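Asks: Here is my input, please return the structure:
(chains A and B)
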There are 2 protein chains.
Amino acid sequence: MVTTTRVFNFSAGPAVLPLPALEEAQRDLLALPNVGMSVLEISHRSKTFEAIIQECEANVRKLANIPENYHVLFLQGGATTQFSMVPMNLLPPGAWADYIVTGSWSSKAVKEAKKVGAVNVAFDGKGENYVRVPRADELKLSKDPAYVHITTNETIHGVEFHELPDVGDRVVVADTSSHMFSRPIDVTKYGLIYAGVQKNLGPAGATMVIVRDDLVKKAAEYRGYANLPVMLQYGAHAAEKSLYNTPPVFTIYMVGLVMKWLVGLGGLEAMERINIRKAEKLYAEIDRTGFYRGHAAKDSRSRMNVTFRLPNEELEAQFVKESKAAGLDGLKGHRSVGGLRASIYNAFPEEGVDALVSFMQEFEKKNG
Amino acid sequence: MVTTTRVFNFSAGPAVLPLPALEEAQRDLLALPNVGMSVLEISHRSKTFEAIIQECEANVRKLANIPENYHVLFLQGGATTQFSMVPMNLLPPGAWADYIVTGSWSSKAVKEAKKVGAVNVAFDGKGENYVRVPRADELKLSKDPAYVHITTNETIHGVEFHELPDVGDRVVVADTSSHMFSRPIDVTKYGLIYAGVQKNLGPAGATMVIVRDDLVKKAAEYRGYANLPVMLQYGAHAAEKSLYNTPPVFTIYMVGLVMKWLVGLGGLEAMERINIRKAEKLYAEIDRTGFYRGHAAKDSRSRMNVTFRLPNEELEAQFVKESKAAGLDGLKGHRSVGGLRASIYNAFPEEGVDALVSFMQEFEKKNG
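Replies: Numbering: from 1, shown residues only, chains lettered A, B, ... in the order given. Down below sits the predicted model:
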């Protein structure tokens, strides 16, 4: 028998999407109303798509109150491509950039940046297996870096900055992939923000980049910039409003539906309240008896990616297996951390958190 | 009133898709059978997606009889990213590459290649406004180029190679974006083939790359290769079977559905027969009286992108307007060529060609 019941999807990304967004996409998949073509078939130069991308951008701007001197771009290649584009555009010859390393993703960002220019690692949490964000007194920022790179939520280790560290007047570049729009964000504190959309913003296939116009202009003046592949120039994408070449039309359409859902929910403040409630329920259960142990230090715990361990690896394997059978999918932790990881992004339903908490209690009773 | 009737979509890409593929995607959009999640929500590391991408690749290999020493990759960034990746990977320092220029796209490929290394333009059709492919005696190939780049179908000018020119034992790199799988292809004649999938293979958001393994291996040995952004290394994508980072899951799923449709239709020979029939009908009407004039020379006419003119620009504008009202959408030619363009890709229904031919006859009667 073929079943089509939806399970609780704790995947770290691509991840669960809001049901109303999926339902609208399904309804219109053969033909958009009054257009006569599927969104999968429309030209990116058509008025139909123009309206879609403009509404999407308008809602992004509205949600985060983004000033006009910032571009909102939809690119391809994921955050990993940004690991290279950021230094190629913002790190001129002879300069250096500061990187704050709090997990696997910021570590990969350093690796790619070093291919382009000089990097000063201002903090590296690797020695402690990436359990926390740095204290202010640990941050070894250099005097005049081109920018400070920060990964504001580490998906694999479940480590999140709850406040942006004080970096003075240095330009902040942030990879916000796995918690973008899970809480309000003051864009004016950043020079550039990037996020693979496949966690909180839509399905896989696009990267949102929010970048200050003066940085784009300055980049265009660097020696060697004209010889960058055009697809790696922020300036080319900004000038063409993400339409330098064929963009991922459907992914942008889906991001638009998710943004509409977020606006309807009451925006980022409302979303944050829900996310705090979901995360607190889950961490409360983790802390209840000591049977479960959180990976991240308490002040660095991610509201999106809840990483935790059980007393031993056998129990962890059993937990993964039994939870999956109970309709709780995707709880196995990343191999580099081990244990369990519950990704509870914006669209993850609170009932799913309740179901996991109940399951954890039952599991502890039987095996504790 | 909201209408959902599908029109005839002559768009140059993103373009019309096979209805059975759209219908299957629509049916399963909330939850794949027995998976409990939408294909828009599944992890790219899940067994579900593994099965999807493997079946897609298997059908690609079956359709074109691709030998095992070729990788089939699904990347992002469109053909424009390949304009850079090709020379970055295949054009070592001190070497040069030959480029055959037959339209806007090959011209753009040259521009990006020149940022990376030396280019010898072996033919340039610009002086004649790109109306044809070169004759054998016009092709000024160099003695020992790293590769010969060719754009086998020029989407904007409607110029198609019906046979690969004889380049001896030189390595051929081909941009086949706008006619990939419209006819049989002997992959062993090429070192590397790339195609943005949004014309004949799926919706926008992925690029198919078919590349010979020895070229990937050789690239990895070039001085400077290790300092390429990892996302621009064929080697990284080949080693991880297109899963180095999060791929465009849904686009690959849709390509899989289109490949299944092609296999069901009888493969590329069957597809070519249909495409020849559709193109011949349309060109026959263009040639019937002289009221319409084809842009491309007869031996270079594209079966996919049929470019033609009317006696004057006023009539062309009127034709675009009236045809759109008659449910024939997307016929306006690219601004650089003017006139009309009917893109009749694999999935474009023959009834649509018949409808256009009838419309052309009526239009000529009224205005000829």
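Asks: any residue of stretch A:22-37 up close to chain B?
Replies: Yes. Stretch A:22-37 comes into contact with chain B (CB under 8 Å from any CB of the partner chain), by way of A:22-23, A:25-26, A:28-31, A:33-34, A:36-37. (Glycine included, C-beta is placed from N, CA and C.)
Asks: are any of those buried, and which?
Replies: A:22, A:25-26, A:28-31, A:36-37 (16 or more other CB atoms under 10 Å in any protein chain shown).
Asks: So which of these belong to strands?
Replies: Assigned to strands by DSSP state E, none of these qualify.
Asks: Tell me the residues of the stretch 151-300 of chain A that contact chain B?
Replies: Near chain B, when you scan the stretch 151-300 of chain A using CB under 8 Å from any CB, you find A:196, A:198, A:203-205, A:226-232, A:244-251, A:254.
Asks: Can you identify each of the helices in the stretch 51-200 of chain A by residue range?
Replies: Under the criterion DSSP state H, counting those that start in this stretch, the stretch 51-200 of chain A carries helices at the ranges A:78-90, A:104-116.
Asks: coming back round to it: as TSV, the residues of stretch A:22-37 next to chain B with pLDDT would be great.
Replies: Formatted as TSV, the residues of stretch A:22-37 next to chain B follow (pLDDT from 0 to 100):
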residue	pLDDT
A:22	98
A:23	97
A:25	98
A:26	98
A:28	96
A:29	97
A:30	96
A:31	95
A:33	93
A:34	92
A:36	93
A:37	96
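Asks: Among these, which ones are in helices?
Replies: Residues of those located in helices (DSSP state H): A:22-23, A:25-26.
Asks: contacting residues for residue A:260?
Replies: Applying CB atoms under 8 Å, 6 or more residues apart in numbering or on different chains to residue A:260 gives the contacts A:21, A:55, A:59.
Asks: Checking the closest residue to the first one other than its chain neighbours next. Helix, strand or coil?
Replies: Leaving out its chain neighbours, the residue that sits closest to residue A:21 by CB to CB, 6 or more residues apart in numbering or on different chains is residue A:257, at 3.8 Å. The three-state label given to residue A:257 by DSSP: H, G, I helix; E, B strand; the rest coil is helix.
Asks: pLDDT wise, what is residue A:257 at?
Replies: Per-residue pLDDT puts residue A:257 at 98.
Asks: quick one, what contacts it?
Replies: Going by CB under 8 Å, 6+ apart, residue A:257 touches A:18, A:20-21, A:24-25, A:202.
Asks: Check the spacing between it and residue A:59 real quick.
Replies: Using CB to CB, to the nearest Å, residue A:257 is found at 10 Å from residue A:59.
Asks: likewise residue A:319?
Replies: 39 Å.
Asks: so which two of the residues of stretch A:22-37 next to chain B are the farthest from each other?
Replies: Spatial extent of the residues of stretch A:22-37 next to chain B (CB to CB) is set by the pair A:22 and A:36 at 22.5 Å.
Asks: wouldn't residue A:151 be in contact with residue A:106 here?
Replies: Yes. Assessed by CB atoms under 8 Å, residue A:151 is found in contact with residue A:106 at 3.9 Å.
Asks: shared neighbours, those two?
Replies: A:100, A:175.
Asks: now the longest helix anywhere in chain A: mean pLDDT?
Replies: Criterion DSSP H: the longest helix present in chain A is helix A:267-287. Mean pLDDT, helix A:267-287: 98.
Asks: just stretch A:174-192 next, same as before
Replies: The average pLDDT for stretch A:174-192 rounds to 98.
Asks: Please apply the same query to stretch A:326-340.
Replies: 94.
Asks: And that stretch, how far out from the chain middle?
Replies: With CA atoms, centre = their mean, to the nearest Å as the basis, stretch A:326-340 stands 18 Å off its chain's centre.
Asks: Ok, stretch A:23-42 next?
Replies: Per CA atoms, centre = their mean, the centroid offset for stretch A:23-42 relative to its chain is 27 Å.
Asks: cool, stretch A:225-237 as well?
Replies: With CA atoms, centre = their mean, you get 24 Å for stretch A:225-237.
Asks: list the buried ones in that stretch?
Replies: For stretch A:225-237, using 16+ other CB under 10 Å, the buried residues are A:225, A:228-237.
Asks: Please indicate which of the contacts of residue A:257 are buried?
Replies: A:18, A:21, A:24-25, A:202.
Asks: what's the closest of those to chain B?
Replies: Distance to chain B across those (CB to the nearest CB) is lowest for residue A:25, with 6.2 Å.
Asks: list the contacts for the residue nearest the centre of chain A?
Replies: Closest residue to the average C-alpha location of chain A: residue A:177 at 1.8 Å, with CA atoms, centre = their mean. Residue A:177 makes contact with A:13, A:79, A:105, A:153, A:155, A:194-196, A:199, according to CB under 8 Å, 6+ apart.
Asks: what do you get if the cut-off is 10 Å, keeping everything else the same?
Replies: Listed by CB atoms under 10 Å, 6 or more residues apart in numbering or on different chains, the contact partners of residue A:177 are A:13, A:78-79, A:82, A:105, A:151-155, A:193-201, A:207-208, A:304, B:246.
Asks: what's the answer for residue A:237, then?
Replies: Neighbouring residues of residue A:237 by CB under 10 Å, 6+ apart: A:71, A:73-75, A:85, A:209, A:211, A:216, A:230-231, A:243-245, A:247.
Asks: what secondary structure does it sit in?
Replies: Secondary structure state of residue A:237, per three-state DSSP, is helix.
Asks: can you pull the pLDDT of it?
Replies: In the predicted model, residue A:237 carries a pLDDT score of 98.
Asks: do residue A:16 as well
Replies: In this model, residue A:16 carries a pLDDT of 97.
Asks: again with residue A:48
Replies: 97.
Asks: How is it assigned, secondary-structure-wise?
Replies: Once three-state DSSP is applied, residue A:48 turns out helix.
Asks: Near it, how many other residues are there?
Replies: 17 (other CB atoms under 10 Å in any protein chain shown).
Asks: Do a quick rundown of the strands in chain A.
Replies: Going by DSSP E, chain A shows strands at A:8-9, A:70-75, A:96-101, A:118-124, A:148-151, A:153-154, A:159-160, A:172-175, A:192-196, A:207-212, A:293-294, A:305-309, A:328-329, A:340-343.
Asks: if I pick the closest residue to residue A:220 other than its chain neighbours, what's in contact with it?
Replies: Closest residue to residue A:220 apart from its sequence neighbours, by CB to CB, 6+ apart: residue A:235 at 4.7 Å. Listed by CB under 10 Å, 6+ apart, the contact set of residue A:235 reads A:71, A:89, A:211, A:216-217, A:219-221, A:225-226, A:228, A:244.
Asks: of these, closest to residue A:147?
Replies: Nearest member of those to residue A:147, counting by CB to CB, is residue A:89, at 10.2 Å.
Asks: Tell me which of the strands of chain A lies nearest to residue B:331.
Replies: Nearest of the strands of chain A (CB to CB): strand A:70-75, 27.9 Å.
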